[in-house]
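Participant: My questions concern the predicted model and sequence given below.
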Amino acid sequence: MRIGIYLNEKSPEEGGGSTLLATIKKEILAAQTEDEFVICYNGRQSFPLKMTRDGFSYLNVDAVRPRAGILYRCAKKLKKMAAALLLRPLPPQKPALDLIADMERIDLFWITYPARVQVSVPYIYTIWDLGHRTVPYFPEVSRSPAWEWEARETAYQQMVYKASYIITGNERGKREILENYPMPGEKVRIVPFPVPAFCRGKEAAPEFALPAEYFFYPAQFWAHKNHIRIIQALAKLKDSYGLRPGVVFTGSDKGNKRYIQEQCRAYGVAEQVIFAGFVPDEVMKYLYTHAVAMVFASLMGPNNIPPIEAAFLGCPVIITNLEGHKEQMGDAALYFDGCDAGELAENMRLLLTDAAARSSLLQKERQLAEQFSGVDYFCEIRNIIEEFRPLRQTWG
C-alpha cells in the first residue's frame with residue numbers, strides 16, 4: 001500500500017529536525033517495509049510540488065492547487081463570472097489531500113497532528129490532548145488567534161468521527177477522547193511516544209555558562225506550561241533555605257515569555273534563570289545529563305515527551321501530579337500539585353540536598369527507561385496498517 005504521512009511542517013527540512021518526526025522517519029527506514037510512504041507538508045509556494053529527500057518522497061500540499069500568480073487569479077475570476085451568468089453555484093473543489101491521493105495512489109493517510117483538513121481517503125488521526133475541553137481556561141486554548149476554543153472544537157468534531165483510527169499516547173488520553181467524543185472504543189488505539197532520536201546521539205556543552213547546580217525545563221512559553229510555579233519555587237528555596245540553584249528554560253516564546261521574565265524580577269530570582277531559547281539537539285542532551293533534575297510543570301496532559309527524554313538520559317524527573325503523568329512515570333518521578341510552589345520547592349530541595357534520595361529515584365527511572373527504549377512508534381502504526389490492509393483489498 002501507499003501511505004501518506006501528513007506533517008505539521010512548513011518545509012521538508014523542518015520534518016527532519018522535529019523531535020518526534022525525526023524518530024518516525026528513522027523507524028520507517030529501519031523497518032524495511034514493502035509499503036511506500038509519501039510525506040505531505042504545508043510548504044506554501046516556497047517549495048515545488050514534489051521532491052525526493054532522505055529516501056522519502058515529499059509532496060507540498062499547498063502547491064497542489066497554486067494560489068498565486070496572474071493566471072490563477074484570472075481563471076478564478078472567469079469561473080465566478082461564468083457561474084453568475086449561468087445562475088448556478090460553482091461546483092466544490094476537490095480537497096488538496098484527495099488530489100494528492102489521486103496523484104500518488106494513496107490508500108491511507110496518517111495525519112500526525114490534530115489537523116483540520118478535508119479528505120475522503122481513509123485516515124489515521126492523531127490526538128495529543130484535549131486541552132480545550134479539559135483546561136479551557138488557558139488563553140492558548142480559549143482565545144489564542146491561532147488555535148482558539150471554537151477552532152479546536154470544530155477540527156475535532158470534523159475529524160474524529162470520520163477517522164478510520166485514532167491514536168493517542170496512553171490510557172488516560174483514550175479515556176478523555178471517549179468521554180468527550182463518544183465512539184466505539186476499539187477505534188482509539190494507544191501508541192506510546194518513543195524515545196526521540198537525539199537522545200541516542202552526541203551531546204555538546206552550550207555556549208552560555210551554566211550554574212554549578214541547575215534544574216532544566218524544556219517547554220515553549222505557553223501559560224499551561226506553568227513556568228511561574230518554578231519561579232515561585234526558586235524564591236521559596238532562596239528565602240526559606242538559602243538555596244540558590246539555577247534554572248534553564250529552553251523553548252520558543254508563544255506569548256508568555258515576557259510575563260515570566262517580569263515575574264523573575266519580581267520574585268528576585270532573575271539572576272538564577274537562563275532563557276536559552278532554541279538549542280540544538282546536542283545541547284539539549286547535555287542540559288538533561290548535567291541537570292540536578294528536569295522539572296516538568298505542565299498543567300496539561302495526558303502525557304508528554306520530555307519526561308521520556310529525561311528518564312532515558314538519567315535525569316531525575318519532578319512532574320505535576322496529573323493522572324496521565326502518573327500513568328506515564330509510575331514511581332520513577334517526584335510529583336507535586338501544579339498550583340503549589342511550596343510542594344515543588346520541597347522536591348527540588350530534596351534532590352539538591354539528599355544524594356541517597358536522588359540515587360534511589362534514578363534507579364527506578366533506569367527501569368522505566370528500559371520500557372521506554374523498547375517502544376517502536378512506527379511498529380504500532382504498522383500494526384494498524386496491517387489491520388487495514390484486508391479492508392483496503394475489498395475495493396479497486
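Facilitator: Now that the structure is in, tell me what you want to look at.
Participant: alpha carbons only for contacts and neighbour counts from here, please
Facilitator: OK.
Participant: got a list of what the residue nearest to A270 when sequence neighbours are not counted touches?
Facilitator: Setting aside the residues directly before and after it, A270 is nearest to C264 in space (Cα to Cα, 6 or more residues apart in numbering), at 4.6 Å. Contact analysis of C264 by Cα atoms under 8 Å, 6 or more residues apart in numbering lists 231, 270, 273.
Participant: Tell me how many other residues crowd the second one.
Facilitator: Using other Cα atoms under 10 Å, A270 has 18 neighbouring residues.
Participant: any idea how far T289 is from it?
Facilitator: Applying Cα to Cα, to the nearest Å, the value for A270 to T289 is 24 Å.
Participant: same check, this time on P48
Facilitator: Counting by Cα to Cα, the gap between P48 and T289 amounts to 41 Å.
Participant: about what we covered before: with the contacts of C264 in mind, which one is nearest to R53?
Facilitator: Taking Cα to Cα as the measure, V273 is the one of these closest to R53, at 39.9 Å.
Participant: And the pLDDT at that closest one?
Facilitator: Note for V273: predicted pLDDT of 98.
Participant: One more: N347?
Facilitator: Confidence score, pLDDT, at N347: 98.
Participant: same check, this time on W149
Facilitator: At W149, the model reports a pLDDT of 88.
Participant: go on, S164?
Facilitator: S164 is given a pLDDT of 98.
Participant: and if you look at E14?
Facilitator: For E14, the model assigns a pLDDT of 50.
Participant: Now for this protein, the helix or strand with the poorest mean pLDDT.
Facilitator: helix 12-17 (a mean of 46; mean pLDDT, DSSP states H and E).
Participant: continuing past that one, what's the next helix or strand?
Facilitator: helix 19-31 (DSSP states H and E).
Participant: Tell me which other helices or strands that next one touches.
Facilitator: Here helix 19-31 touches helix 12-17, helix 377-392, going by 3 or more Cα pairs under 8 Å, 6 or more residues apart in numbering; DSSP states H and E.
Participant: again, only this time at 6 Å
Facilitator: Packed against helix 19-31, as judged by 3 or more Cα pairs under 6 Å, 6 or more residues apart in numbering; DSSP states H and E, are no other helices or strands.
Participant: average model confidence for it?
Facilitator: 75.
Participant: relative to helix 377-392, how tilted is it?
Facilitator: Orientation of helix 19-31 against helix 377-392 (axes from the mean of the first three to the mean of the last three Cα atoms, to 10 degrees) gives an angle of 70 degrees.
Participant: Can you give the strand pairings for the helix or strand following helix 19-31, parallel or anti for each?
Facilitator: Using DSSP H and E, the helix or strand that follows helix 19-31 in sequence is strand 36-41. Its sheet considered, strand 36-41 pairs with strand 2-6 (parallel), strand 56-60 (parallel) by DSSP bridges.
Participant: low pLDDT regions in this protein?
Facilitator: Counting by pLDDT under 70, the ranges of the chain that qualify are 10-21, 66-92, 144-147.
Participant: what residues go with each domain of it?
Facilitator: 2-194+376-392, 198-373 (automatic domain parsing).
Participant: Pick the most deeply packed of these.
Facilitator: Ranked by mean neighbour count, these are led by domain 198-373 with a mean of 19 (mean count of other Cα atoms under 10 Å).
Participant: Can I get the lengthiest helix in the chain in CSV? Just the C-alpha atoms.
Facilitator: For the chain, the helix with the greatest residue count under DSSP state H is helix 355-373. Extracted in CSV, the C-alpha atoms of helix 355-373 (Å, rounded to 0.1, in the frame of the first residue of the first chain):
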residue,chain,number,x,y,z
ALA,A,355,22.2,12.3,47.4
ALA,A,356,20.6,9.0,48.5
ALA,A,357,17.1,10.1,47.6
ARG,A,358,18.3,11.2,44.1
SER,A,359,20.2,7.9,43.6
SER,A,360,17.1,5.9,44.6
LEU,A,361,14.9,7.9,42.2
LEU,A,362,17.5,7.3,39.4
GLN,A,363,17.4,3.6,40.0
LYS,A,364,13.7,3.5,39.5
GLU,A,365,14.0,5.7,36.5
ARG,A,366,16.5,3.3,34.8
GLN,A,367,14.0,0.5,35.0
LEU,A,368,11.4,2.7,33.4
ALA,A,369,13.9,3.9,30.7
GLU,A,370,14.2,0.2,29.6
GLN,A,371,10.5,0.2,28.9
PHE,A,372,10.7,3.5,27.0
SER,A,373,13.6,2.3,24.9
